[in-house]
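Sequence isn't available, so here's the structure alone:
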């Protein structure tokens, strides 16, 4: 008896085998350690993480480093073609890839609502491990917090990535040159429509799946093939249109794209028509654009299509001679329209 | 008219000057860019962040790197002696310091509940900048997401840090040796009690303030003075007791502390008595313990007390010859008691 009392005033004998997350799982005590041992450590298992330190120690790197963070709050957590776990890995891996970096390590912070199912957490975590393996990254440090139960069972994940830059390219919107070709790797709009359809229980003719994918190996292939990349940008929140506006504004250059050149599936096209939304603004999770000198465009397309299975890769536009800081889209009838950002997004909580 | 229509179907003319966070502030469009320009960029202002890339590029580092993440979900956001902003910087800076690393850069991910006051966000962000300056770190990349309004206005912050290790010490619980002295830098329990008192509107005789502080400069001073540090551990969630159990379990060694040697203020002592909680388990945000060879204990105390203003620094125990993997506390009457972890924590949502 006295031993139990000595372990702390009022301290109950720890009970494990819970099915739901309790506030106590975020308290730093036995239950949190048990959650780490049961869920996170076996899934992410690697020597650096297994050291069990508050921070992770990594070896000296032979290059500049890229460092990027993203928080994931997608609703619903599981959707056709992906889930919050794959999103949390691929999204941050892709941010590093867009800097031209080879992704190495990730940290993962979990904010879990009290009452969340531990089995669901395990499932998310196993998807994270699978996506990390595919992208060649390791999750080496993490953190778990539990928040009081609100109106639904929710999970938020923040991942931060470190990558190494092993080349001398300066990949940035500031690097755009007149005549640059703009290439997209795939058709647009699938992620946003897939999440929305699942959340709102909308049935479209064909099931649309998220395009969630890691882009690091594609970018590494382009760099290793000596493609002189001027700028890269993923097409997440705000979609293709917002990416183009951002790049035009930072570069000060004029970007012109041809609407009919942008690949879009029949399914996404009809869904957008039904919903009255513009696919150019819908989020993607595996789409990106590449700015390169025009003379390298064909070789870039070849690498994308044949080596990386981006069969729909296409040239969608170019950087003109004008200094304007705006992006325009040319419609099928030939008229030029200014592209602007929306105030917010057409569809919230999709990444 | 046609120009407005061209900016996207149904796209309203952007309106700024909002007082509260809208879902649209997390949508990747104009409002989000405005929030970055109005709130985050001026506060964190530095050349790497100002590049405006999805990820931040940092120079090559001349040493191993430490990498650590922490999420902050404290309730209330402001409490005596600190707030979620200072906590989010100091907590991650301290995790790096506990690895013996000099903190360099931080990422910051914000998850903001719809309806949150933008003025309050600005206030938090300015506290973050101040804490970052004190710790000598820069916030170089970030992310903002907005979640639907639930039962209260909440803000969660995840920070990830990168630090460089410029020495050959291997600081880890695995490095403990029999005879090591254990030193604490300050009195325990202030953070947890300060947050609890504010949240629950408890009035204790004297106002107790959080001990929230950055520990990087102290750790760098110890390392630069040639102190042969075996292990460092901060005393956050779960407090001193949980830290001791963790270190004992990982090292396999026997750790013995003397209760009467652990500094504790009169205010925290009485508050804990009234609440019936054990101060050894209460979270600290500026407290840490140091394991060093006994012969370096006096010099360590001298550095803590005189160079770093830790006037209450004290030797609280030692590592014995036994191989047991447990920690014990010796009471005032001389009896040894086993220290165990709680199941959760006595006080949730305090960091």
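Looks like it came in fine. All values derive from a computational prediction rather than experimental measurement. Numbering: from 1, shown residues only, chains lettered A, B, ... in the order given.

so who does the spatially most central residue of chain A touch?
The C-alpha lying nearest the average C-alpha coordinate of chain A belongs to residue A:91 (Cα atoms, centre = their mean; 1.6 Å). Each residue near residue A:91 by Cβ atoms under 8 Å, 6 or more residues apart in numbering or on different chains is listed here: A:70, A:72, A:159, A:236, A:285, A:351. Just so you know, the C-beta spots here come from the backbone N, C-alpha and C atoms, and that holds for glycine as well.

Just the pLDDT for it.
Residue A:91 is assigned 97 on the pLDDT scale.

Only the buried residues of the helix or strand where it lies, if you could.
Using DSSP states H and E, residue A:91 sits in helix A:84-98. Buried residues in helix A:84-98, counted by 16 or more other Cβ atoms under 10 Å in any protein chain shown: A:84-98.

Would you mind getting the angle between the helix or strand following it and helix A:84-98?
Counting by DSSP H and E, the next helix or strand C-terminal to helix A:84-98 is strand A:102-113. Angle, strand A:102-113 to helix A:84-98, by axes from the mean of the first three to the mean of the last three Cα atoms, to 10 degrees: 150 degrees.

check whether strand A:102-113 contacts chain B.
Yes: Strand A:102-113 reaches chain B (Cβ under 8 Å from any Cβ of the partner chain) through A:105, A:107, A:108, A:109, A:110, A:111.

Which of the residues you listed are buried, as a ChimeraX select command?
The ChimeraX command for the buried members of the residues of strand A:102-113 next to chain B (criterion: 16+ other Cβ under 10 Å) is given here:
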select /A:105,107,108,109,110,111
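
just the residues of strand A:102-113 next to chain B now: which is nearest residue A:129?
Distance to residue A:129, by Cβ to Cβ, is smallest for residue A:108 among those, at 10.5 Å.

and the gap between the closest one and residue A:339?
35 Å (Cβ to Cβ, to the nearest Å).

same thing with residue A:284?
According to Cβ to Cβ, residue A:284 and residue A:339 sit 16 Å apart.

Out of these two, name the residue with the larger neighbour count.
residue A:284 (28 against 23; other Cβ atoms under 10 Å in any protein chain shown).

Which pLDDT value does the model give the closest residue to chain B within the stretch 1-150 of chain A?
Residue nearest to chain B within the stretch 1-150 of chain A: residue A:24 (2.3 Å; Cβ to the nearest Cβ). Model confidence at residue A:24, given as pLDDT, is 91.

which ones are touching the residue lying closest to it once chain neighbours are set aside?
Counting by Cβ to Cβ, 6 or more residues apart in numbering or on different chains, residue B:344 is the residue found nearest to residue A:24 once chain neighbours are left out, at 2.3 Å. By Cβ under 8 Å, 6+ apart, the contact set of residue B:344 is A:22, A:23, A:24, A:25, A:26, A:27, A:28, A:29, A:30, A:31, A:32.

From those, pick the one nearest residue A:331.
residue A:26 (52.5 Å).

ok, now which ones touch that closest one?
Residue A:26 touches A:32, A:112, A:144, A:145, A:146, A:147, B:73, B:237, B:344, B:345, B:348, counting by Cβ under 8 Å, 6+ apart.

Can you name the helix or strand that the fourth one falls in?
Counting by DSSP H and E, the element that carries residue A:145 is strand A:138-147.

doesn't residue A:204 make contact with residue A:196?
No: counting by Cβ atoms under 8 Å, residue A:196 does not reach residue A:204; the two are 10.0 Å apart.

More neighbours: those two, which one.
In terms of neighbours (other Cβ under 10 Å), residue A:196 is the more surrounded of residue A:196 and residue A:204; the figures are 22 against 15.

what's the distance between that one and residue B:112?
In terms of Cβ to Cβ, residue A:196 sits 22 Å off from residue B:112.

cool, and residue A:44?
Using Cβ to Cβ, we find residue A:44 at a distance of 28 Å from residue B:112.

give me the low-pLDDT residue ranges for the stretch 1-150 of chain A?
Confidence mapping of the stretch 1-150 of chain A against pLDDT under 70 gives the ranges A:1-17.

at 90 instead, please
A:1-18, A:27-28, A:50-55, A:62, A:148-150 (pLDDT under 90).

just the helices in it please.
Ranges of helices within the stretch 1-150 of chain A are A:2-6, A:30-35, A:41-44, A:47-50, A:84-98, A:118-135, based on DSSP state H, counting those that start in this stretch.

quick one: is the third one near chain B?
No: contact of helix A:41-44 with chain B (Cβ under 8 Å from any Cβ) is absent, the minimum separation being 12.8 Å.

go on, the longest one?
No: for helix A:118-135, no contact with chain B is found by Cβ under 8 Å from any Cβ; the gap never falls below 14.0 Å.

so what does that helix touch, helix or strand wise?
In terms of contacts (3 or more Cβ pairs under 8 Å, 6 or more residues apart in numbering or on different chains; DSSP states H and E), helix A:118-135 is packed against helix A:41-44, strand A:82-83, helix A:84-98, strand A:102-113, strand A:138-147, strand A:155-165.

Just give the strands next to the second one in its sheet, each with its orientation.
Within its sheet, and counting by DSSP bridges, strand A:82-83 is paired with strand A:78-79 (antiparallel).

Please apply the same query to the fifth one.
With DSSP bridges as the criterion, the sheet partners recorded for strand A:138-147 are strand A:102-113 (parallel).

and the strand it pairs with with strand A:155-165, angle?
170 degrees.

Run the angle between strand A:102-113 and helix A:118-135 for me.
170 degrees.

Confirm for me that residue A:33 is in contact with residue B:341.
Yes: applying Cβ under 8 Å as the test, residue A:33 and residue B:341 come out as touching, 7.0 Å apart.

between those two, who's got more neighbours?
The neighbour comparison of residue A:33 against residue B:341 (other Cβ under 10 Å) goes to residue B:341, with 25 against 20.

how far away is the more buried one from residue B:84?
26 Å.

Residue A:266 now?
As judged by Cβ to Cβ, residue A:266 and residue B:84 stand 47 Å apart.

which residues sit in contact with the residue lying closest to residue A:161 once chain neighbours are set aside?
Of all residues not flanking residue A:161 in the chain, residue A:92 sits nearest, at 4.3 Å (Cβ to Cβ, 6+ apart). Going by Cβ under 8 Å, 6+ apart, residue A:92 touches A:68, A:69, A:70, A:103, A:106, A:159, A:160, A:161.

Check residue A:325 too.
Counted by Cβ under 8 Å, 6+ apart, residue A:325 has contacts A:248, A:249, A:251, A:252, A:253, A:254.

Closest to chain B out of those residues?
The closest of the contacts of residue A:325, once distances to chain B are taken by Cβ to the nearest Cβ, is residue A:249, at 8.9 Å.

Secondary structure element for that closest one, which one?
Here residue A:249 is assigned to helix A:239-251, by DSSP H and E.

Quick one: mean pLDDT for that helix?
96.

in stretch A:292-306, what's buried?
A:292, A:296, A:297, A:300, A:301, A:303, A:304.

OK, contacts around the last one?
With contacts defined as Cβ under 8 Å, 6+ apart, residue A:304 is in contact with A:183, A:185, A:218, A:222, A:310, A:313.

Kindly report the same for residue A:82.
A:191, A:194, A:209, A:210, A:212, A:285.

change it to 10 Å
Contacts for residue A:82 (Cβ atoms under 10 Å, 6 or more residues apart in numbering or on different chains) come out as A:74, A:90, A:127, A:131, A:191, A:194-195, A:209-213, A:285-286.

still on that earlier bit, what's the closest of the buried residues of helix A:84-98 to residue A:37?
residue A:85 (19.3 Å).

Show me which pair in the contacts of residue A:325 is furthest apart.
Every pair of these checked by Cβ to Cβ; the farthest is A:249 and A:254, at 11.3 Å.

got any residues that touch both of these two?
With Cβ under 10 Å, 6+ apart, residue A:249 and residue A:254 have common neighbours A:325, A:326, A:327.

Take those residues and lay them out in JSON lines including secondary structure.
As requested, those are exported to JSON lines (DSSP: H, G, I helix; E, B strand; the rest coil):
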{"residue": "A:325", "secondary structure": "coil"}
{"residue": "A:326", "secondary structure": "coil"}
{"residue": "A:327", "secondary structure": "strand"}
